[in-house]
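Peer 1: Pasting a predicted model and its sequence here:
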Amino acid sequence: MTLAFSRISGLSSEVGRIVTVRGWVTTVRSSGKVAFLVLRDGTGLLQCVVVKSAVAQEVWDRFAQLTLESSVAVTGEVRADARAPGGYELGVTDLAIVGASPLSYPIQPKEHGIDFLLDHRHLWLRSPRQRAIAMVRSELEQAIHDFFYAREFLRVDTPILTAAIGERSGLFSTEYFDEGNAFLAQTGQLYGEAAAAAWGKIYTFGPTFRAEKSKTRRHLTEFWMIEPEVAWNDSNDNMVLQEDLVSYLVERALERCSPQLGELERDLSKLEAIRAPFYRLEYGDAIELLHRKGSTTRWGEDLGAEDESLIVADYDRPVFVMNYPKEAKAFYMKENPNDPRTVLCDDLLAPEGYGEMIGGSQREDDYDRLLGRIVEEGLDPAAYEWYLDLRRYGTFVHSGFGIGLERTIAWICGLPHLREAIAFPRMMHRLRP
RNA sequence: UGGGGCGUAGCUGAGCUGGCAAAGCGCCGGACUGUUAAUCCGGAGAUCGGUGGUUCGACUCCACCCGCCCCAGCCA
């Protein structure tokens, strides 16, 4: 194309110039001899004004044919006008229809049911709200990379197709040549530990899969997880890294995504309160706190969603609950030397009832203890031979955690459900679009 | 997988002590030279999720099936 096209977000610096903008028709309003069309190009919305007496008859006729979500190229003069949303508008001189859209476009600027919207997710993405969420997501992903890059972490990509290792809950399986079944990864952690022994400070960033039949607002079957693993970090170092990361992400969102958070009507004062250090609560103390608040959860049990809300209710920042009983946690967590009934781990609970955002732990670095735990859990030691090698050949203190990207996004954006935090959510009853 | 709820026009949604299926948005036709989810007038559009049953008569009551939502467990 030889013609230059302008993007809506940059028009404030093109006042007085004749430009052409390409995009999609979002709304059309006519009042006889003056008509308005709102154009969306992905960078913003632009009101275009068509005055019948100021344009050629064919342009006016073309405007009359416009339907919602038709793609168009609109030419006109950029001008500042207080009546225009955003303060700038286009005085149309020419209009070309690129791709007409039939009248059946299903999404209207009004309330829709969630099932309908998810069935039309590919079109729902065009809404201002979904764009705002996507922009926050993209910013947070970039922020995560920046955070680790600045600390000289190596990014490591771990396999998605794996043999049966990792955690216990549901696995998606697929045929894998003569090797039997492969499973979609539920975590990259064990590979991350191998990488940490090789390269020191690493993190993974990728999709993970859980075939859990859970239908809650806090679960997806496919979600993105970031898993740092750090050689020589103990459990306390691990928590410091977590609170540094989380407070950095919030700070970054406040700094660079305030228009998007505004679109989402997020209460910013809640986010402005997020500063490291976060509160730390021993599991046993958490249980006592819960008993004072009427919970019947007993020592040894994992905390339920209601328990998490009760704990978080008293605080304006995320809360670490640390050192859970062994039986409530995974086999690879290191026994707590101060209380062998427990392991050195932490869950980071997000404020406002958003639940568990991070799960982390110091890893068991003693060969015999780790093997013992594998056997206790009824796992096949042969499958963990390579993992045990990491303790056999120069074992090392190390810790890491997994942070759920969608949960973090949902919390920072104030979304009621994880399904909006990713472009095409995968849930138990949702495989398409 | 357990508990609760819902399914009525393209969308949202009232009707459900059984008696001719509201309304708004969208769409179509008309009016309007500054609209902001424009407004005003007129119009079309519904085998009431499916199958069977009770009844003179079922959107309404019953049974089964299908789909979805919320909560819980599992976890990030």
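Peer 2: Received, thanks.
Peer 1: going forward, measure contacts and count neighbours with C-alpha atoms only.
Peer 2: Will do.
Peer 1: which parts of the stretch 151-300 of chain A sit against RNA strand B?
Peer 2: A:169, A:210, A:212-223, A:225 (Cα under 7 Å from any atom of the strand).
Peer 1: again, only using 10 Å
Peer 2: Within the stretch 151-300 of chain A, the residues that sit near RNA strand B (Cα under 10 Å from any atom of the strand) are A:166-170, A:186-187, A:189, A:208-227, A:297.
Peer 1: what residues does the helix or strand hosting A:D285 touch?
Peer 2: Using DSSP states H and E, A:D285 sits within helix A:283-292. Contact with helix A:283-292 is made by A:T296, A:T297, A:R298, A:W299, A:D307, A:L310, A:I311, A:V321, A:M322, A:N323, A:Y324, A:P325, as judged by Cα atoms under 8 Å, 6 or more residues apart in numbering.
Peer 1: which one of those is nearest A:P381?
Peer 2: A:P325 (22.9 Å; Cα to Cα).
Peer 1: Just give the closest residue to that closest one, not the sequence neighbours.
Peer 2: In space, not counting the residues next to it along the chain, A:P325 is nearest to A:T342; the distance is 4.1 Å by Cα to Cα, 6 or more residues apart in numbering.
Peer 1: dump the residue contacts of that neighbour.
Peer 2: A:N323, A:Y324, A:P325, A:K326, A:E335, A:N336 are the contacts of A:T342 under Cα under 8 Å, 6+ apart.
Peer 1: Quickly list the domain ranges of chain A.
Peer 2: A:8-99, A:121-420 (automatic domain parsing).
Peer 1: Including mean pLDDT and distance to A:G113, could the ones you listed go into JSON lines?
Peer 2: Output for the domains of chain A, formatted as JSON lines (pLDDT from 0 to 100; distance: least, Cα to Cα, whole Å):
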{"stretch": "domain A:8-99", "mean pLDDT": "91", "distance to A:G113": "20"}
{"stretch": "domain A:121-420", "mean pLDDT": "93", "distance to A:G113": "12"}
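Peer 1: Let me know the helix or strand that the nearest residue in space to A:A143 that is not next to it in sequence is in.
Peer 2: Leaving out its chain neighbours, the residue that sits closest to A:A143 by Cα to Cα, 6+ apart is A:L249, at 6.4 Å. A:L249 belongs to helix A:235-256 when elements are defined using DSSP H and E.
Peer 1: ditto for A:E406
Peer 2: Counting by DSSP H and E, A:E406 is part of helix A:405-413.
Peer 1: Give me the angle between the one helix or strand A:L348 maps to and helix A:235-256.
Peer 2: For A:L348, the host element (DSSP H and E) is strand A:345-350. Angle of strand A:345-350 versus helix A:235-256, following axes from the mean of the first three to the mean of the last three Cα atoms, to 10 degrees, is 20 degrees.
Peer 1: hmm, who's touching strand A:345-350?
Peer 2: Under Cα under 8 Å, 6+ apart, the answer for strand A:345-350 is A:235, A:239, A:308, A:312, A:317-324, A:333-334, A:355-362, A:411.
Peer 1: How about the contacts made by the one residue in the stretch 151-300 of chain A that gets nearest to RNA strand B?
Peer 2: Nearest residue of the stretch 151-300 of chain A to RNA strand B, counting by Cα to the nearest atom of the strand: A:S214, 3.0 Å away. By Cα under 8 Å, 6+ apart, the contact set of A:S214 is A:M428.
Peer 1: quick one: what helix or strand has it in it?
Peer 2: Going by DSSP H and E, A:S214 is not part of any helix or strand.
Peer 1: can you give me the helices for the stretch 151-300 of chain A?
Peer 2: With DSSP state H, counting those that start in this stretch as the criterion, the stretch 151-300 of chain A has helices at A:189-199, A:235-256, A:258-263, A:268-272, A:283-292.
Peer 1: Quick check: buried residues in the first one?
Peer 2: If I follow you right, that is helix A:189-199. For helix A:189-199, burial by neighbour count (16 or more other Cα atoms under 10 Å) applies to A:Q189, A:L190, A:Y191, A:G192, A:E193, A:A194, A:A195, A:A196, A:A197.
Peer 1: neighbours of the residue nearest to A:F209 when sequence neighbours are not counted, just the number please.
Peer 2: Excluding the flanking residues, the one nearest A:F209 by Cα to Cα, 6+ apart is A:E222, at 4.6 Å. If you count neighbours by other Cα atoms under 10 Å, A:E222 ends up with 19.
Peer 1: A:L245 too?
Peer 2: 18.
Peer 1: give the contact list for it.
Peer 2: Taking Cα under 8 Å, 6+ apart, one finds A:I144, A:F147 in contact with A:L245.
Peer 1: which ones are touching A:G360?
Peer 2: Here A:G360 is in contact with A:N238, A:C345, A:D346, A:D347, A:S399, A:G400, A:F401, A:G402 (criterion: Cα under 8 Å, 6+ apart).
Peer 1: any idea how far A:D366 is from A:G188?
Peer 2: 21 Å (Cα to Cα, to the nearest Å).
Peer 1: quick one: A:R62 and A:V98 touch, right?
Peer 2: No - counting by Cα atoms under 8 Å, A:R62 sits too far from A:V98 to count as a contact (11.4 Å).
Peer 1: What distance do you get for the residue nearest to A:P325 to A:E301?
Peer 2: Taking Cα to Cα, one finds A:T342 at 12 Å from A:E301.
Peer 1: what do you get for A:E251?
Peer 2: Counting by Cα to Cα - A:E251 and A:E301 are separated by 35 Å.
Peer 1: still on that earlier bit, just the buried residues out of the residues of the stretch 151-300 of chain A next to RNA strand B, in ChimeraX syntax.
Peer 2: Buried residues among these (16+ other Cα under 10 Å), as a ChimeraX selection:
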select /A:166,186,187,189,208,209,210,211,218,219,220,221,222,223,224,225,226,227
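Peer 1: In strands only, show me the residues of the stretch 151-300 of chain A next to RNA strand B.
Peer 2: Judged by DSSP state E, the subset of those located in strands is A:T208, A:F209, A:E222, A:F223, A:W224, A:M225, A:I226, A:E227.
Peer 1: Pick the one among those residues closest to A:T174.
Peer 2: A:F209 (12.6 Å).
Peer 1: got the contact list for that closest one?
Peer 2: Applying Cα under 8 Å, 6+ apart, the residues near A:F209 are A:L171, A:F172, A:L184, A:A185, A:Q186, A:T221, A:E222, A:F223.
Peer 1: coming back round to it: redo the contacts of A:G360 as CSV? Include neighbour count and distance to A:R419.
Peer 2: Listed next are the contacts of A:G360 as CSV, based on neighbours: other Cα atoms under 10 Å; distance: Cα to Cα, whole Å:
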residue, neighbour count, distance to A:R419
A:N238, 24, 29
A:C345, 32, 28
A:D346, 26, 26
A:D347, 25, 22
A:S399, 29, 30
A:G400, 30, 27
A:F401, 25, 23
A:G402, 24, 19
